[in-house]
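Q: with the sequence up front, the predicted model follows.
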Amino acid sequence: MTIVFNKDICHDLSKATEKEWLETNGIGGYASSTIIGANIRRYHGLLVAATRPPLGRTLLLSKLEEFLCINGEEFPLSTNIYPNAIYPEGHKNLSQFSLNPFPTFDYSINGINIKKIVFMIQGENTTVIVYQVNRSSERTIASTLFMKVRVMIAFRDYHWLTHENQAFKADYKNLTNGGVCLQPYEKQSSMFLFHNAQTMDKTSFWYKNMEYPKEIERGLEAHEDHFSPFALQFDLNKGINCYVVASTNEYGKLDVLELLNKESDRRKGIPRAA
């Protein structure tokens, strides 16, 4: 069954943040957020790894902050909630969210259509985010297109919250296969981040005071800081799919399309097997 939410829901912040999605990996790990990508709980994140399956869940990758750049002008795809502020407001560019079978976000901006797909690999603490870009009008053909994706990490037990602290190691290790290894705390698992971006902005900083409305409702601490070690820049003029893969596994080689097709086929086979 396909679940679809269109503009009337996606553009209404109060309605959209009441609708959440969940991806699981079969060993206790998961990815989860709202249909507009705004995290409203401390339990939301793109990679919550089960480091001691099925227990020991650790929130590694909190989210990605994404901007589409058309001829130098930035348009947001992501949405964050702060005290008395929403920034950026990417939900206003979201034309549809669907679940078929993966969480899928369709954005439409000035003749540019971006389909973002999020899925986990069965049996692994691995989340794959794929961006498929299509120019729907002739006037966008000559446009200079880039997408900037800033990585936001937490590295904490999924019950806790992260705040800026001196023990957090901001550096990371570049791998020979083009990936990056992050391990802010020595006693925690590493996270490997793989991508096909053309350039990397190495400017790092903390995002302060992100707010989780559902934690306020529960009467709990509801504000968190996230560290951003770098931003990835994808050249969309090359006409290829973009991807970010976050995992506790170090891959030697990645074929994201193969992973997508394999996981899609696996899920199609579940009803048949039942």
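A: Sure thing, it's come through. Just so it is clear, the structure is predicted and the values come from calculations on it, not from any experiment. Numbering: from 1, shown residues only.

Q: all the strands of the stretch 151-274 of the chain, in order from the start?
A: Under the criterion DSSP state E, counting those that start in this stretch, the stretch 151-274 of the chain contains strands at 173-174, 180-182, 191-195, 199-201, 205-211, 223-228, 231-235, 242-247.

Q: please apply the same query to the stretch 1-150 of the chain.
A: Using DSSP E, counting those that start in this stretch, strands in the stretch 1-150 of the chain cover 3-6, 20-24, 30-34, 45-52, 55-70, 73-76, 79-82, 85-89, 94-99, 103-109, 112-120, 126-135, 145-157.

Q: among these, which is nearest E211?
A: strand 79-82 (4.9 Å; CB to CB). Glycine gets a C-beta too; all of them are placed from N, C-alpha and C.

Q: returning to what we had before: using TSV, lay out the strands of the stretch 151-274 of the chain together with distance to N80, mean neighbour count and mean pLDDT.
A: Formatted as TSV, the strands of the stretch 151-274 of the chain follow (distance: least, CB to CB, whole Å; neighbours: other CB atoms under 10 Å; pLDDT from 0 to 100):
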stretch	distance to N80	mean neighbour count	mean pLDDT
strand 173-174	28	10	94
strand 180-182	21	18	97
strand 191-195	20	22	97
strand 199-201	18	14	96
strand 205-211	6	16	98
strand 223-228	9	20	98
strand 231-235	15	20	97
strand 242-247	18	23	97
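
Q: ok, so what distance separates the closest residue in space to E224 that isn't next to it in sequence from G239?
A: Leaving out its chain neighbours, the residue that sits closest to E224 by CB to CB, 6 or more residues apart in numbering is L161, at 4.5 Å. Distance of L161 to G239, computed by CB to CB, to the nearest Å: 41 Å.

Q: neighbour count winner among these two?
A: Neighbour count, other CB atoms under 10 Å: between L161 and G239, L161 has more, with 18 against 10.

Q: who touches N71 in this structure?
A: When contacts are counted by CB atoms under 8 Å, 6 or more residues apart in numbering, N71 touches S143, T144.

Q: before we move on, what's the pLDDT of it?
A: The model reports N71 with a pLDDT of 92.

Q: which residues does F192 form a beta bridge with?
A: F192 has these beta-bridge partners by DSSP bridges: C181, S247.

Q: quickly note the distance from it to L254.
A: Using CB to CB, one obtains 10 Å as the distance from F192 to L254.

Q: re the thing from before, mind listing what the residue nearest to E224 touches?
A: Per CB under 8 Å, 6+ apart, neighbours of L161: R42, E221, H223, E224.

Q: hmm, 6 Å instead?
A: Neighbour list for L161: R42, E221, E224 [criterion: CB atoms under 6 Å, 6 or more residues apart in numbering].

Q: what about this protein, any weak spots by pLDDT?
A: 1, 54, 137-142, 272-274 (pLDDT under 70).

Q: my guess is G111 contacts V133. True?
A: No. Contact criterion CB atoms under 6 Å: G111 and V133 do not qualify, at 11.4 Å.

Q: which one's more surrounded, these two?
A: Ranked by neighbour count (other CB under 10 Å), G111 and V133 place V133 first, with 21 against 15.

Q: run through the bridge partners of that one.
A: I114.

Q: go through this structure and flag its longest helix.
A: Ordering each helix of the chain by length in residues (DSSP state H) puts helix 256-273 first.

Q: helices or strands next to that one in the packing?
A: With contacts taken as 3 or more CB pairs under 6 Å, 6 or more residues apart in numbering; DSSP states H and E, helix 256-273 sits against no other helix or strand.

Q: repeat that for 10 Å
A: Helices and strands touching helix 256-273, by 3 or more CB pairs under 10 Å, 6 or more residues apart in numbering; DSSP states H and E, are strand 112-120, strand 126-135, strand 242-247.
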